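In: Turn this into a structure:
(chains A and B)
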Amino acid sequence: AQKITQTQPGMFVQEKEAVTLDCTYDTSDPSYGLFWYKQPSSGEMIFLIYQGSYDQQNATEGRYSLNFQKARKSANLVISASQLGDSAMYFCAMNRDDKIIFGKGTRLHILP
Amino acid sequence: DAGITQSPRHKVTETGTPVTLRCHQTENHRYMYWYRQDPGHGLRLIHYSYGVKDTDKGEVSDGYSVSRSKTEDFLLTLESATSSQTSVYFCAIRSQGEGTLLFGPGTRLTVL
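Out: Numbering: from 1, shown residues only, chains lettered A, B, ... in the order given. Coordinates of the predicted model:
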């Protein structure tokens, strides 16, 4: 069965520092996709970034990048130059065929 | 017009009563999903649909049923609500290509 693990329940980071949120996954399927979502305190779910299992390069979207290490089955989210508005819950997710499953999330606190 | 809406947004009900949550999309996407979000558990997949009248179970489907009689609507029914079903319920639609999920605003359900 496929599984997503986020080992950091909470993190505190100083504003302007870079942040790495960990995500490991487990699947035996060679074809899959990996996603990161942000959930601010207002509750909406916001898509951040996507990485396909066959993509050769790490995905980047503005200040977000995905550090994809296929052999280690990890898909860490890197946020450069963190901002106060980055304080939120962050979820890693994986799709295989029709199902999309999520990790338990990491709550990120950015300190001024 | 939002691409995906949920109704009701809040509901309080009593144990043993039936409850139906509605998800409506205007994007004409084939795939629709129901998740529940609980502290410490992240988002867990309840059921999903891959077309009209085509549905399948997710990770936590016991106590829930779904129906999809037309592309734009995906209904989640709790036949006899229990206190353990108190949660925030999110509906999502899946885009073509990468398969990114677009989430609805969520429904907060309290079962007393």
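
In: Name the strands paired with the particular helix or strand that has B:T20 in it and say parallel or antiparallel.
Out: In the assignment (DSSP states H and E), B:T20 maps to strand B:19-25. Strand pairing for strand B:19-25, using DSSP bridges, gives strand B:4-7 (antiparallel), strand B:73-78 (antiparallel).

In: Can you tell me which of the ones you listed is most buried?
Out: Stretch with highest mean neighbour count among the strands paired with strand B:19-25: strand B:73-78 (a mean of 20; mean count of other C-beta atoms under 10 Å in any protein chain shown). C-beta coordinates here come from the backbone N, C-alpha and C atoms, glycine included.

In: Please name the nearest non-neighbouring residue to B:G99.
Out: A:N95 (5.5 Å; C-beta to C-beta, 6 or more residues apart in numbering or on different chains).

In: Where does that neighbour sit: helix, strand or coil?
Out: What DSSP: H, G, I helix; E, B strand; the rest coil gives for A:N95 is strand.

In: May I have the beta-bridge partners of A:Q69?
Out: What pairs with A:Q69, by the bridge criterion (DSSP bridges), is A:S74.

In: Around it, how many other residues sit close by?
Out: Burial of A:Q69 is recorded as 11 neighbouring residues (other C-beta atoms under 10 Å in any protein chain shown).

In: picking that back up, can you lay out the strands paired with strand B:19-25 as JSON lines showing mean pLDDT?
Out: Listed next are the strands paired with strand B:19-25 as JSON lines, based on pLDDT from 0 to 100:
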{"stretch": "strand B:4-7", "mean pLDDT": "96"}
{"stretch": "strand B:73-78", "mean pLDDT": "98"}
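
In: Is it correct that B:Y35 is in contact with B:G42?
Out: No. Judged on C-beta atoms under 8 Å, B:Y35 makes no contact with B:G42 at a distance of 9.1 Å.

In: Quick check: closest non-adjacent residue to A:T106.
Out: Nearest non-adjacent residue to A:T106 (C-beta to C-beta, 6+ apart): A:Q8, at 4.6 Å.

In: List the residues that contact the one you found.
Out: A:21-22, A:106 (C-beta atoms under 8 Å, 6 or more residues apart in numbering or on different chains).

In: got a list of what residue 87 touches?
Out: Defaulting to chain A. A:40-41, A:108-110.

In: ah, I was thinking of chain B
Out: B:36-38, B:109.

In: make it 6 Å
Out: Each residue near B:S87 by C-beta atoms under 6 Å, 6 or more residues apart in numbering or on different chains is listed here: B:36, B:38.

In: Show me the beta-bridge partners of it.
Out: Beta-bridge partners recorded for B:S87 (DSSP bridges): B:L109.

In: now swap in A:I49 and tell me
Out: The partner residues for A:I49, given DSSP bridges, come to A:W36.

In: And the next helix or strand past the longest strand seen in chain B?
Out: In terms of residue count, the longest strand belonging to chain B (DSSP state E) is strand B:42-51. Next in sequence after strand B:42-51, counting helices and strands by DSSP H and E, comes strand B:54-57.
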